[in-house]
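[1] Take a look and give me a structure for this.
(chains A and B)
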Amino acid sequence: MTDLQTILDIVAQSRALYADVFTAAARYLVPALAALLLLHCARPLLSFRREPEIWAWLKFTDGSQVAVTHWENVIGRSKSSDITVALSTVSRNHAVLTRYDDGSWTITDASSKTGTWVNGERVSICALHSGDVISIGGVDMELTPITKRQEQLQSQLRTKGSSGWSSLLGLMLLTLMQALMLTGFLLSGEPEEYPAYLLGFGVVFLCQWALFLFYTVIRRSSFEVETIAFFLCTLGIAALATVKPGEMLKQSAAMIMGVGMFLLIGWSLRDLERAKRFRYLAVLAGVGFLVVTLLFGKEYYGAKNWLVIGGLSLQPSELSKVCFVYAGASTMDRIMNKRNLILFIAYSIVICGLLALMNDFGTAMIFFCAFLIIAYLRSGSVGTIGLACTALGFAGVLALRIAPHALNRFATWRHVWDNPFTSGYQQTQAIMCIASGGLFGLGPGKGFLQKVFAADSDIVFATISEEWGLILALMAVLAVAALGFFAIRTSRVSRSSFYCIGGCTAAGILLIQASLNCLGTVDVLPFTGVTFPFISNGGTSMIGAWGLLAFVKAADTRQNASFAVRFSK
Amino acid sequence: MNRVTKRSWLMCLFIFLLLGGMGFFVMEYTVKADAWVVAPGSPHVFKGSNLGNGVVVDRDDVVLLDVENNRSYSDNAETRASTMHWLGDRQGRIQAGAVGSYAALMSGYDKVNGLYDFAGGSGVARLSLSARVQNAALRALNGRKGTVGIYNYKTGEILCAVTSPTYDPDHVPDVEADTSGKYDGVYLNRFLQSSYVPGSIFKVVTTAAALECVPDIESRTFTCDGAYEYGTEAVTCETAHGTLDLKGALAHSCNCSFAQIAKLVGKKNMEKYVQKFGITESVSFDGVTSASGHYDISDTGGASFAWSCIGQHSDLINPARFMTFMGTIANGGRGVELFLVSSVTRGEEVLYEAKGRQTDRIMSKTTAEKLQSYLRNNVQTIYGDGHFPGLSVCAKSGTSQLGGGQKSNAMFSGFVLDEAYPLAFIVVVENGGYGSATCVPVLSPVLQECKAVLDAE
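    Sure, this is the predicted structure:
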């Protein structure tokens, strides 16, 4: 026993030396692992191709036939239609041909001039059966879906999701990185904070492996998007461990709830009909969250965006973002309906008004960008976007005149070094600490920024950069960019515009949040105090980020890739 | 579908915003990172405006401050107290700009590794101060307020610059609660930041001016019968000094004689020479600048002008500046720039080495040599050589009256004329009373300590 005690004493005495030696190695190993991990995860996300697919044939009376290559197809005179019928009697966007999960088809009239006729009857929407004659602008045609066997063969041609082994390798790389980071904290950190370190890294470890096991059980093998999210979460834990280890329990719980939210939304998106039903709920919830905040919320630093319930501080606007994506995503048959777009614009105006009342500039900016993405994807009109931007310009000028706190942020933009001890304090400290950390960081717990306000949220990019190096912080940025690229890629193979719009908007929100956060910190953009998805400390922000990720994941139609996509039968 | 999927290019804009913005920052980083790290307030380099990294040692490599571990100061309590004003305290109440200005250099920054530093290869700033001498001076001041400054007038290195009161930074007293007044102005570095009424040490300035501009001044004599009518008022001495020449007038510090000398020099010349000798200018070294002095005779006439030449009226001098004036006399009319930080090293690498550069000539060699002999005569005939065994000390004392019933400040300034010990000094004891009686016992042990330090080198 005495010998053991002696050994333990010697180890305890040499802790500082071990910590120094460990940091000397880990500061290169951690970014190297992160780079490897990111390459490993991003490659399959960026490289998959859109295989040509044919879901049905549209046969004309003259014997000619046209391939139906999507689940949602616009038939019209316009060249950009999926199926072009170049006749003056046909409207530019005449009708939408939609395939459902069960293989059934419908045709929906898109407010055409001459109407859509099935078996001689004018229809607005009609389920199609074998032998039905569709008549558009005087042209008769018949839809012949491919056979089940053909469907099976076709699905095998789809890009394969990454294998379980590849996902396992990615996850093991991440686990190794987490182990290194945790060891760093155990050696360099405060002994009284050990439980917090173990809890934080432990929960992210358990979450990622539990989710992976769940995927294995339900025979889904692609884990890149999730690995990237867990990578970002790990960086968040590392920042929290150094800034506010006391809040680790809260943040860990939020991460678990976030993964729950991810699964719930993913499940809701699995079935398009279910997703459409969820949509109404989400529309109401989106407004509801903001109204409740406005009525019962607390104002911090000029923005009334906090709700305190039983000692827990919540930012419901973070969840409203997820609802907004739901509200904005739409299937083609609805997109072709102008009334639908007007309703969405009206909804956006309500949301925008509520945010203006809350005085939350950063969040308003994010919603505006989300609106832009949705509006453009739906309408495709650059003019609309131009008008929206002009409107924003006017609203912005007005807001700046009314809200001095927002004006201050603009006044310091690109001038933070003029007042490094007052208005520019947070950012100049952040920038100086990023430089102090160099490319590889000063080591866990060795940063100064932990003493600066919002080191775990608004300027978390700098906190990570100071202790773990600029390279690792840039990995976080690249990770979010990879999700953005992935959303573009998957949009090409989306079966429904609902997933395409949902995925792009969700990824867009993640991108704009990351941009405002890290570029605000380093004074490239105005400092808006927006959270970095998955990294910044904040429960609702974490849950919201996972919710958005579900939309990105749901758009992944690679074979066996996403739980949000059913197996092809 | 085609349309919607094609429109997803819009996302590229957002990716471009993120990556482009970050790219822009990385570009800024490669160009500006080294400037950011050392910008004012940089937390790893500075603590407030004090040094926030590295180690500070004295001229004998005695560690005075190791910034790691919550700023650990010397393990000697006396050294901690005597050097704190040059190192800065933990709370940031005492700003030590001189070592602070080398913080950036000491940090050893590079853009790849930042400030990361394996196995404690931190920067070392070596001061020209001697902890031994500092301690001797603090002991000699014995709790009285004031300062002792000594520098090498050939090289410019400051050996001693003690300010009192001070305290041990490891045992910070409750300064706010103290009512005894013993900590009044404790955060002030009196050597650097204070200005004092010079009293009779200013007579050296008047003497120098007279030697420079009154051709036959040495052959003139002045009569003192205790009072000298000048204009409507009289300038007085405590005793009648009888007839004195310039040398005698300086030795006896005879006010009446100096009133007559002032008359010979005239207002214009006094203004000219005060300016030429730089008496009221601030002195800068190692990034810090001293308080400036004051000499304004625009509204004087008669006796008030005479008093201004005797170091009263509205005259003020800064100890560091006046000490360099005395050093310049010792050095033959041309001075050298002061320095406190003699070198900055990092491992084997020498990052900075002080060079005491010569300053412009302020008086002729003849005047300087004449003044040397006069000041030497002061010590030999008045203050007593016995106080300074083994040293040829030249000096002038001053008893500056403060008014308001306050006890006079005791002043003593001069230099050692030995080749081996080229030291100039100033001693100020606030409310110390009679100049030489108070200051000589303070200076005596400190000069001996300096001598021992220089002998050891």
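
[2] count of neighbours near the residue lying closest to B:Thr367 once chain neighbours are set aside?
    With C-beta to C-beta, 6 or more residues apart in numbering or on different chains as the measure, B:Leu211 is the residue that lies nearest to B:Thr367, at 4.6 Å, once sequence neighbours are left out. From N, CA and C alone the C-beta is placed, and that goes for glycine too. Around B:Leu211 there are 22 other residues, counting by other C-beta atoms under 10 Å in any protein chain shown.

[3] Just the element for B:Leu211, please.
    B:Leu211 is part of helix B:203-213, with elements assigned from DSSP states H and E.

[4] elements contacting that helix?
    Helices and strands in packing contact with helix B:203-213 are listed as helix B:246-251, helix B:255-276, helix B:303-309, helix B:319-330, helix B:365-378, strand B:393-400; criterion 3 or more C-beta pairs under 8 Å, 6 or more residues apart in numbering or on different chains; DSSP states H and E.

[5] who wins for proximity to A:Gln315 among the ones you listed?
    helix B:319-330 (57.1 Å; C-beta to C-beta).

[6] Next, the angle helix B:365-378 makes with that closest one.
    Between helix B:319-330 and helix B:365-378, the angle formed by their directions is 110 degrees, by axes from the mean of the first three to the mean of the last three C-alpha atoms, to 10 degrees.

[7] tell me which residues of the very next helix or strand once past helix B:319-330 are tucked away?
    The C-terminal neighbour of helix B:319-330 among helices and strands, as given by DSSP H and E, is strand B:334-336. Residues of strand B:334-336 classed as buried under the neighbour-count rule (16 or more other C-beta atoms under 10 Å in any protein chain shown) are B:Gly335, B:Val336.

[8] Stretch A:275-294 too?
    Judged by neighbour count using 16+ other C-beta under 10 Å, the buried positions of stretch A:275-294 are A:275-276, A:278-279, A:282-283, A:285-287, A:289-290, A:293-294.

[9] Can you add pLDDT and secondary structure and give the residues you listed back as a markdown table?
    As requested, those are exported to a markdown table (pLDDT from 0 to 100; DSSP: H, G, I helix; E, B strand; the rest coil):
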| residue | pLDDT | secondary structure |
| --- | --- | --- |
| A:Ala275 | 88 | helix |
| A:Lys276 | 85 | helix |
| A:Phe278 | 86 | helix |
| A:Arg279 | 88 | helix |
| A:Ala282 | 91 | helix |
| A:Val283 | 91 | helix |
| A:Ala285 | 93 | helix |
| A:Gly286 | 92 | helix |
| A:Val287 | 92 | helix |
| A:Phe289 | 91 | helix |
| A:Leu290 | 91 | helix |
| A:Thr293 | 89 | helix |
| A:Leu294 | 88 | helix |
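
[10] still on that earlier bit, how far does the helix holding B:Leu211 sit from its chain's centre?
    Relative to the chain's own centre, helix B:203-213 is displaced by 23 Å; criterion: C-alpha atoms, centre = their mean, to the nearest Å.

[11] Stretch A:541-555 too?
    In this view, stretch A:541-555 has its centroid 5 Å away from the chain centroid, taken as C-alpha atoms, centre = their mean.

[12] likewise stretch A:552-561?
    14 Å.

[13] if you average pLDDT over that stretch, what comes out?
    pLDDT averaged over stretch A:552-561 equals 83, rounded to a whole number.

[14] residues of that stretch that come out buried?
    When neighbours are counted by 16+ other C-beta under 10 Å, the buried residues of stretch A:552-561 are found to be A:Val552, A:Lys553, A:Ala554, A:Ala555, A:Asp556, A:Thr557, A:Arg558, A:Gln559, A:Asn560, A:Ala561.
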